[in-house]
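Asker: Need a 3D model of the following:
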Amino acid sequence: MKYIEKYFYLILGIIVFLIYLTTLAPSLLEIDSGELATVQLTLGIAHPTGYPLFTILGYLLSFIPLSASKIYQVNLYAAISCAIGISIFAYTAKVILDNIEIFATNKKNKKTAARKENKKNKKLETAVKPIQEKASEFLPYFK
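Answerer: Numbers count the residues shown, from 1 in each chain. Just a heads-up that it's a prediction; the model follows:
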């Protein structure tokens, strides 16, 4: 159980990759996936925003000699990058949620902070008051 909790993000990425792999398109499809696959293989420019990192990495990975077609290789790269993205998201969410108490403040902490602030203000007032009195003595001379 401890290992599952510790490596949850990796396990989730592997599960997502396996699901993506079972539903992977063996050839071109309509809409964006066909366009992006073609752009990766020809090193062209996709519609805006263009996805430059996705295009360049897909182009480079298409040179890996696999027995599958080039389109299948590009779709496989999409599955890998999707699984990595979900793993990074899950890890980031886990880190934030594990450390949420750092950001949470309760009423007791607020009251303590308010008391400390009041003490600081009183000390500042007692230190500044004599200076203000002296300055007010000299104020008539500067008119």
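Asker: what's stretch 52-69 in contact with?
Answerer: 26-27, 36-37, 39-41, 43-46, 70, 73-74, 76-78, 81 (Cβ atoms under 8 Å, 6 or more residues apart in numbering). Every C-beta, even on glycine, is put in place using the N, C-alpha and C of the backbone.
Asker: In that stretch, which residues are buried?
Answerer: Neighbour counts over stretch 52-69 (16 or more other Cβ atoms under 10 Å) mark 54-55, 58-59, 61-62 as buried.
Asker: buried subset of the contacts of stretch 52-69?
Answerer: If we count by 16+ other Cβ under 10 Å, the contacts of stretch 52-69 have these buried: 36-37, 39-41, 46, 73-74, 76-78.
Asker: Okay, and residue 118 sits in which element?
Answerer: helix 107-138 (DSSP states H and E).
Asker: same thing with residue 82?
Answerer: Per DSSP H and E: helix 70-98 holds residue 82.
Asker: Report the buried residues of that helix.
Answerer: Buried-residue list, helix 70-98, by 16+ other Cβ under 10 Å: 71-80, 83, 86-87, 90-91.
Asker: so which of these would you say is closest to residue 10?
Answerer: Residue 10 has its nearest neighbour among these in residue 87, at 6.2 Å by Cβ to Cβ.
Asker: okay, and the helix or strand of this protein with the least pLDDT?
Answerer: When each helix and strand of the chain is scored by mean pLDDT, DSSP states H and E, helix 107-138 comes last, with a mean of 69.
Asker: just to revisit the earlier point, ok, the buried residues of helix 70-98 vs residue 122, which is closest?
Answerer: Once Cβ to Cβ is applied, the member of the buried residues of helix 70-98 that ends up nearest residue 122 is residue 91, at 47.0 Å.
Asker: show me the contacts for that closest one.
Answerer: residue 9.
Asker: swap in residue 35?
Answerer: 46-47.
Asker: now it, what's its secondary structure?
Answerer: helix (DSSP: H, G, I helix; E, B strand; the rest coil).
Asker: re earlier: what distance separates the helix holding residue 82 from the centre of its chain?
Answerer: In terms of Cα atoms, centre = their mean, to the nearest Å, the centre of helix 70-98 is set 13 Å apart from its chain centre.
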